[in-house]
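S.K.: Pasting the sequence and the predicted model now:
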Amino acid sequence: MIAYFATEPMGKSVRECSRSYARECLLNGSIVVRIDHPDSTVEYIAGTRYDLSPLRWEVRPADGVIEVISTGFVVREIPGGVSIRRATSADLAREDGPSVQLD
């Protein structure tokens, strides 16, 4: 599992965070997006708990890339072929094991 949060100010980028931080953001009213990759990796992107602007996603028609958008800024681009939806607290509670750290 990989978890990110949209950073302050204005949620212009993402940083890695723990699963518990992503869950805390969700419980504080922020939107958390769940992305299921074909290789079984699960990725979460949490709206920052300080800025409750909603996260949203769009598919670019030209190439099928999914853009995750916060406060009008693309914070993550994901290749097509993934499943994406709004995460629930049950999703974050079910995740087992430590958060994965990226290089």
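M.R.: Looks like it arrived, so ask away. Remember, it's a predicted structure, so these values are computed and weren't measured experimentally.
S.K.: Name the SS class of Val68, please.
M.R.: Put simply, Val68 is strand when judged by DSSP: H, G, I helix; E, B strand; the rest coil.
S.K.: Quick check: it touching Trp57?
M.R.: Yes. Using Cβ atoms under 8 Å, Val68 is in contact with Trp57, at 5.0 Å. C-betas here are computed from N, CA, C, even on glycine.
S.K.: These two: who's more crowded?
M.R.: More crowded of Val68 and Trp57, by other Cβ atoms under 10 Å: Val68, with 22 against 17.
S.K.: got the buried residues for the longest helix along the chain?
M.R.: Longest helix of the chain, by residue count under DSSP state H: helix 19-27. The neighbour-count check on helix 19-27 (16 or more other Cβ atoms under 10 Å) flags 19, 21-26 as buried.
S.K.: Pipe those into CSV and attach distance to Val75 per row.
M.R.: Output for the buried residues of helix 19-27, formatted as CSV (distance: Cβ to Cβ, whole Å):
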residue, distance to Val75
Arg19, 19
Tyr21, 16
Ala22, 14
Arg23, 19
Glu24, 19
Cys25, 14
Leu26, 17
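S.K.: Just the closest of the residues you listed to Arg85, please.
M.R.: Set against Arg85, the nearest of the buried residues of helix 19-27 by Cβ to Cβ is Leu26 (13.2 Å).
S.K.: Spatially, what comes nearest to the closest one if we skip its sequence neighbours?
M.R.: Ranked by Cβ to Cβ, 6 or more residues apart in numbering and with sequence neighbours excluded, the top spatial neighbour of Leu26 is Val32, at 4.6 Å.
S.K.: Could I get the contacting residues of that neighbour?
M.R.: Going by Cβ atoms under 8 Å, 6 or more residues apart in numbering, Val32 touches 22-23, 25-26, 44-47, 55, 86-87, 92.
S.K.: returning to what we had before: which one of the buried residues of helix 19-27 is nearest to Asp63?
M.R.: Nearest to Asp63 among the buried residues of helix 19-27, counting by Cβ to Cβ, is Ala22 at 27.8 Å.
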